[in-house]
Each structure stands twice: as C-alpha cells, then as structure tokens.
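Engineer: need coordinates for the below:
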Amino acid sequence: MNDSFQKHSSTWVSFSYISFGAAAFMLVLGIWMMPLDLWGKGYLAMGILMLVQTTVNMTKTLRDNAESEKLMRKIEDAKTEKLMVKFNRDSDS
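Structural biologist: Here you go, the predicted model:
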C-alpha cells in the first residue's frame, strides 16, 4: 500500500498565493471604497478576517482527523496481519 502524497507543483502553489493576494487586495479596496463609516468598515473587515481564520482551522482539523483515521487503519491492518501470520504458523505445526 503506497501512502505517499504527491506534492503540488510550484506553479500551483504560486497561483494559489497570487489568487489569495489578489482576492484580499480587491476585498480591502472594496471595503475602503464602500460608503460606510469607519465602524461599519471595521465590522466587515473583522468578520472577513475571522471567516478566513476559521476556514483555515476547519480545513486543518478535517485533514488531521482524516490522517489520524488513516494511521489507525494502518495500525489495525498491521495487527491483523500479525495475527494471521501467527495463526498460519500455528496451523502448520
């Protein structure tokens, strides 16, 4: 069983950073140009920053849980294989 992960290409990583930067820039520009007082703009900016932060946290949590389950399955598979080898050895005797 091959559990290696394929790394993303440097082009994709660069595209991701550039896309995030462009979106953040356009959002900041949009909030700045919006006809609201400073309190309204601050509230929108705070909400957006918290949404991005919680999205990153949720993504990391889901990935960590998936990797943990994968490791637990690997451990269970190893235990099962060990029991099967022992059973086969005992039955051959």
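
Engineer: rest of the way, CA atoms for contacts and neighbours
Structural biologist: OK.

Engineer: show me the contacts for Ser19.
Structural biologist: For Ser19, no contacting residues are found, by Cα atoms under 8 Å, 6 or more residues apart in numbering.

Engineer: list the buried ones in the strand or helix carrying it?
Structural biologist: Assigned by DSSP states H and E, Ser19 falls within helix 10-33. Judged by neighbour count (16 or more other Cα atoms under 10 Å), helix 10-33 contains these buried residues: Ile31.

Engineer: for that helix, the averaged confidence score.
Structural biologist: On average, the pLDDT along helix 10-33 is 95.

Engineer: quick check: longest helix in this structure by residues?
Structural biologist: For the chain, the helix with the greatest residue count under DSSP state H is helix 38-92.

Engineer: quick one, it and helix 10-33 angle?
Structural biologist: With axes from the mean of the first three to the mean of the last three Cα atoms, to 10 degrees defining the directions, helix 38-92 sits at 150 degrees from helix 10-33.

Engineer: would you mind pulling up the elements that helix 38-92 packs against?
Structural biologist: Helices and strands touching helix 38-92, by 3 or more Cα pairs under 8 Å, 6 or more residues apart in numbering; DSSP states H and E, are helix 10-33.

Engineer: okay, the helix it packs on in CSV with CA atoms only?
Structural biologist: Written as CSV, here are the backbone C-alpha positions of helix 10-33 (Å, rounded to 0.1, in the frame of the first residue of the first chain):
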residue,chain,number,x,y,z
SER,A,10,5.5,25.2,-7.7
THR,A,11,3.2,26.8,-10.4
TRP,A,12,0.1,25.7,-8.5
VAL,A,13,1.5,26.9,-5.2
SER,A,14,2.4,30.3,-6.8
PHE,A,15,-1.1,30.5,-8.4
SER,A,16,-2.7,29.9,-5.0
TYR,A,17,-0.7,32.6,-3.3
ILE,A,18,-1.3,35.1,-6.1
SER,A,19,-5.1,34.3,-6.1
PHE,A,20,-5.3,34.8,-2.4
GLY,A,21,-3.4,38.0,-2.5
ALA,A,22,-5.5,39.4,-5.4
ALA,A,23,-8.7,38.4,-3.6
ALA,A,24,-7.5,40.0,-0.4
PHE,A,25,-6.5,43.2,-2.2
MET,A,26,-9.8,43.5,-4.0
LEU,A,27,-11.7,42.9,-0.8
VAL,A,28,-9.7,45.6,1.1
LEU,A,29,-10.2,48.0,-1.8
GLY,A,30,-13.9,47.3,-1.9
ILE,A,31,-14.3,47.8,1.9
TRP,A,32,-12.2,51.0,1.7
MET,A,33,-14.3,52.4,-1.2
